[in-house]
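**Student:** fold the following, please.
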Amino acid sequence: MHTERIPPHPDVAALTLQRLLEALVDPVRRSIVEQLYDASADVACGGFDLPVGKSTATHHFRVLREAGLIRQYYEGTSRMNTLRRREIDTAFPGLLESVVAADRADRAAAR
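**Tutor:** As a prediction, this is how the structure comes out:
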């Protein structure tokens, strides 16, 4: 793994609830988090079902990474994404589970 290609990620101690919630306010970013929450393995940027173009998706991934919600790394030429679930759950117990459950409930109610 080439560490010079790995973008910077905030330390868990630097994560704030404000920053996490600001990142999660956007439905596209919540969709990314939910897809990673459900994934059995890390997901390449191109492997997400998103209603936006590539450059806009790149912006959303950057916001999530800079907020500390996801970790990105390269596997060959693919930028892989993983949810920092264990770290987030330790710092903010129940946050991710609550956000995913609330988003699913909102979608179900809208049907």
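**Student:** now do the strands in this protein.
**Tutor:** For the chain, the strands defined by DSSP state E occupy 43-44, 70-75, 78-83.
**Student:** mind listing what the first one pairs with, with the direction of each?
**Tutor:** Paired with strand 43-44 in the same sheet, following DSSP bridges, are strand 78-83 (antiparallel).
**Student:** for the second one, same thing?
**Tutor:** Using DSSP bridges, the neighbouring strands of strand 70-75 in the sheet come out as strand 78-83 (antiparallel).
**Student:** and the strand it pairs with, which residues are buried?
**Tutor:** For strand 78-83, burial by neighbour count (16 or more other CB atoms under 10 Å) applies to 79, 80, 81, 83. Every C-beta, even on glycine, is put in place using the N, C-alpha and C of the backbone.
**Student:** quick one: the residue lying closest to residue 6 once chain neighbours are set aside from residue 93, how far?
**Tutor:** The spatially closest residue to residue 6, leaving aside those adjacent along the chain, is residue 73, at 5.2 Å (CB to CB, 6 or more residues apart in numbering). From residue 73 over to residue 93 the distance is 26 Å, taken as CB to CB, to the nearest Å.
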